[in-house]
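S.K.: whatever this is, show me its structure:
(chains A and B)
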Amino acid sequence: MSQIIIYTIITLVAIGAAAAIILYFVAQKFKVYEDPRIDEVEKALPAANCGGCGFPGCRNFAETLVKTETWDDLFCPVGGNETMSKAAAILGRVAVEQAPKVAVIRCNGTPEFRPRVTQYDGAPTCAIAHSLYSGEGGCPHGCLGLGDCVVVCTFDAIHMDPVTDLPVVIDDKCTACGACVEACPRDIIELRQKNKKDRKIFVSCINEEKGVVSKQHCSVSCIGCSKCFKVCPYEAITMENNLAFIDSEKCKLCRKCVPECPTDAILEIGFPPPRIKEPVEESEINTN
Amino acid sequence: MSLKTFSRGGVHPPEYKLSSGKPIIELPPPEVAVIPISQHLGAPAKVVVERGQEVKVGQLIAVAEGFVSTNVHSSVSGKVMKIDQFTDSSGYRKMAVQIQVEGDEWIETIDRSDDLVRSSVLPAEVIRKKILEAGIVGMGGATFPSHVKLTVPKGKTPEYLVINGVECEPYLTADHTLMMNRTEEIFSGIQLLMKGLGVDRAIVGIENNKPDAIEKMNQVVRGSNVTVQGLKVKYPQGGEKQLVQALLKREVPSGGLPIDVGVVVFNVGTALATYEAVMKNRPLIDRMVTVTGKELKDPSNFRVRIGTPVSMLIEKAGGLPGNTAKVINGGPMMGKALSTLDVPVVKGSSGILLISEGESRRKEVKPCIRCTKCVTVCPMGLEPYLLMSLSEKGLFERMEHEKVMDCIECGSCSYTCPSSRPLLDYIRLGKAEVGKIMRARKAV
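M.R.: Take a look at the predicted model:
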């Protein structure tokens, strides 16, 4: 009995030793060198694996950061400048500062402004509804309200408002990874530069139809009248295909365009309520 | 003797052919016609009229752009009011020509008499040219330009012409009515198509629920090399691949066309349009539309000018019943709900189906129970449950591998699913995405 055990142990030890020797030489022969800095950089990244940088995951982004010479197109929107400078410090480089961004929903077609004329009871995703027809409100550009953007958000930063039937972005949670922008079949979501106190001024419509047509479906659509374009002192507004666009990098949040809009398509968010008779203070105008 | 049918899958929805046996009612032109310039598969046609121009019935208003495209003609006489974007059946806006109708003046070359004209001396090229000029497309609903089908690619030899008189969609009776009332003309059209294609054998496939049509067609084709074949009722027998399989036991390869097995398929409506185009010089300006529904007062078979608003058709069939919840463009299996009734009848509109409130609601979607009923009924031998879950997860590359592009979108899977899962909706989305991937690959 004890002999069997001894023989077994001896045999196993011999096989193990032989295998270890073979593996040692094989490992020597097929050794793959990996830059140790990749691991370090990966540790500095947020590990969200959201794909916001345009790479499949944080590891892949770390590899790219280590390997590429120019960092112009490389940015981690989740970690922001802080993470980028950490990664730069590890690699002994200087990161390019980028202004933080936030996702903005460019549709204000609530049931009140955009009455629902049909009822959709098909598969509950925007992608399918978009491929089938123009949507419950009839506007072929407006939000379908089925929440594809909510599903893809890894950071729990978007939810649907049951009253307005529109998605709401929580600015503090939004990392501007751009997943919702990709998911929206109607391209309603835009990444805009983040301002102080989360203040925003933007045209909340992407309808490029002529004014007469777009107003048929929605009372708060941009009708392309160019009034905001004319009043803007900073040339931040451009008109294209019957649609106004406010460039968030040029906009100084002066709010001159807001009262000009005849359809209330320009939204101002995060500003204190207008004080009667008291003009807005100079310091508040130029927050940027 | 057991009747022929296709071998794989299929379902048996209730037929509800309410307008069966009713005569063809010719509708007068509408007051305003909206004629889209893209009523066919392929590139949209190019408008050749101007705003304010007077047009006559049958006048060319848009000319084919490229090979897979076709001409569009005015179906009414009057003045061109607008050349602009108009809402189409999906609610999106597409280019169309709007004509204010004045009188009913036809261009002189069109023979409007009912006399049957036969000719066997026309050369094949002339027939093909006339079909292209007349803007004829597949009248079964797919609207593929007919002249493209008649141009046989190199290395392929057509042996059979198959004429599709199946009309397997429930409710629809447009083709049935045509076969009953315009039998001689259809037969003449079949002969022209055979000539144009260069084949000497043709088979007309008709489902057995239309014995009168089978008999009538049989009487007319007697003594010629056209045969009529009755088929066992099963949906989707009207799909061309299914029909070829049912009639000739030839299987169209994956990703291929019937021409790969030596067959070209046309609808009976296309045969009639061919006859009218070639022998009567009449372009495709009207079509048969079944207006039907259980609650509708007077389900009918209308012959309608292209561009007539759908609302007018419903008006003529007894008006919109109060409890209508859905108006479907096409049949109940493959048709799509309309978002407004102000859309025009186009070359591919085969029916308008009104569905009442009780019937229209989709049932609650439940989890897949892996019963594989969808696999059993799929006439293309696909696995719909798998395709749907791949589509939900966005795994489009794998969908391509699972042959999603072979799906004919017949809807048998969604129809049969005991958990009422929207299988076809997701598969269609996947098809669109895979199509994008394939085009991108081609472009590289």
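S.K.: going forward, measure contacts between C-alpha atoms and count neighbours the same way
M.R.: Noted.
S.K.: work out for me the element B:Glu108 sits within.
M.R.: B:Glu108 is located outside every helix and strand, with elements delineated by DSSP states H and E.
S.K.: before we move on, what about the one 10 residues further on?
M.R.: Element membership for B:Arg118, per DSSP H and E: none, as it lies in no helix or strand.
S.K.: kindly tell me how buried it is, as a neighbour count.
M.R.: Other residues near B:Arg118 come to 14 when the count uses other C-alpha atoms under 10 Å in any protein chain shown.
S.K.: for it, what are its contacts?
M.R.: Taking C-alpha atoms under 8 Å, 6 or more residues apart in numbering or on different chains as the criterion, B:Arg118 is in contact with B:188, B:279.
S.K.: got a list of what B:Val233 touches?
M.R.: The neighbours of B:Val233, taking C-alpha under 8 Å, 6+ apart as the test, are B:5, B:12, B:168, B:207-209.
S.K.: what's the weakest-modelled helix or strand in the chain?
M.R.: Went with chain A since none was named. Among the secondary structure pieces of chain A, namely its helices and strands, helix A:282-285 has the lowest mean (mean pLDDT, DSSP states H and E), a mean of 52.
S.K.: actually, chain B is the one I wanted.
M.R.: Among the helical and strand segments of chain B, the one scoring lowest on mean pLDDT, DSSP H and E is helix B:357-360, with a mean of 85.
S.K.: tell me which residues of that one are tucked away?
M.R.: By neighbour count on 16 or more other C-alpha atoms under 10 Å in any protein chain shown, the buried set for helix B:357-360 is empty.
S.K.: also stretch A:239-256?
M.R.: Neighbour-count burial for stretch A:239-256, counted by 16+ other C-alpha under 10 Å, picks out A:242-248, A:251-255.
S.K.: now stretch A:139-149
M.R.: Of the residues in stretch A:139-149, those buried by neighbour count under the rule 16+ other C-alpha under 10 Å are A:139-149.
S.K.: not counting its neighbours along the chain, what's nearest the residue sitting furthest away from the middle of chain B?
M.R.: When distances to the mean C-alpha position of chain B are computed (C-alpha atoms, centre = their mean), the maximum falls on B:Ile369, with 34.6 Å. With C-alpha to C-alpha, 6 or more residues apart in numbering or on different chains as the measure, B:Ser419 is the residue that lies nearest to B:Ile369, at 7.5 Å, once sequence neighbours are left out.
S.K.: what about that neighbour, which SS state?
M.R.: Secondary structure state of B:Ser419, per DSSP: H, G, I helix; E, B strand; the rest coil, is coil.
S.K.: what sits against it?
M.R.: Applying C-alpha under 8 Å, 6+ apart, the residues contacting B:Ser419 are B:364-369.
S.K.: give me the pLDDT for the closest residue to chain A within the stretch 101-250 of chain B.
M.R.: Across the stretch 101-250 of chain B, the shortest distance to chain A (C-alpha to the nearest C-alpha) belongs to B:Ala142, at 16.4 Å. Predicted confidence (pLDDT) at B:Ala142: the value is 85.
S.K.: name the SS class of it, please.
M.R.: Secondary structure for B:Ala142, judged by three-state DSSP, is coil.
S.K.: go on, the one 5 residues further on?
M.R.: B:His147 falls in the helix class when you classify it by three-state DSSP.
S.K.: nearest spatial neighbour of it, skipping sequence neighbours?
M.R.: The spatially closest residue to B:His147, leaving aside those adjacent along the chain, is B:Leu132, at 5.4 Å (C-alpha to C-alpha, 6+ apart).
S.K.: just checking, what packs against the helix or strand hosting the one you found?
M.R.: With the criterion set as DSSP H and E, the secondary-structure element containing B:Leu132 is helix B:124-133. With contacts taken as 3 or more C-alpha pairs under 8 Å, 6 or more residues apart in numbering or on different chains; DSSP states H and E, helix B:124-133 sits against helix B:146-150, helix B:183-197, helix B:268-280.
S.K.: dump these to a markdown table, plus distance to B:Ala317, mean pLDDT and mean neighbour count.
M.R.: Converted to a markdown table, these look like this (distance: least, C-alpha to C-alpha, whole Å; pLDDT from 0 to 100; neighbours: other C-alpha atoms under 10 Å in any protein chain shown):
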| stretch | distance to B:Ala317 | mean pLDDT | mean neighbour count |
| --- | --- | --- | --- |
| helix B:146-150 | 31 | 93 | 21 |
| helix B:183-197 | 25 | 94 | 24 |
| helix B:268-280 | 22 | 94 | 26 |
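S.K.: quick one, domains of chain A?
M.R.: When chain A is parsed with automatic domain parsing, its domains come out as A:36-91, A:101-285.
S.K.: for B:Gly238, which of these is the nearest?
M.R.: Across these, B:Gly238 has its closest neighbour in domain A:101-285 (23.2 Å, C-alpha to C-alpha).
S.K.: on that earlier part again, tabulate the helices and strands packed on helix B:124-133 in CSV, adding columns for distance to B:Gly21.
M.R.: Listed next are the helices and strands packed on helix B:124-133 as CSV, based on distance: least, C-alpha to C-alpha, whole Å:
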stretch, distance to B:Gly21
helix B:146-150, 29
helix B:183-197, 14
helix B:268-280, 17
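S.K.: just the closest residue of the stretch 251-400 of chain B to chain A, please.
M.R.: Per C-alpha to the nearest C-alpha, B:Ser339 is where the stretch 251-400 of chain B lies closest to chain A, at 6.3 Å.
S.K.: am I right that that residue falls within a strand?
M.R.: No - assessed with three-state DSSP, B:Ser339 is coil; it does not lie in a strand.
S.K.: ok, how many other residues are close to it?
M.R.: B:Ser339 has 26 neighbouring residues, counting by other C-alpha under 10 Å.
S.K.: so who does it touch?
M.R.: For B:Ser339, the contacting residues are A:117-118, A:133-134, A:138, B:89-91, taking C-alpha under 8 Å, 6+ apart as the criterion.
S.K.: and the gap between it and B:Phe266?
M.R.: Separation of B:Ser339 from B:Phe266 (C-alpha to C-alpha, to the nearest Å): 30 Å.
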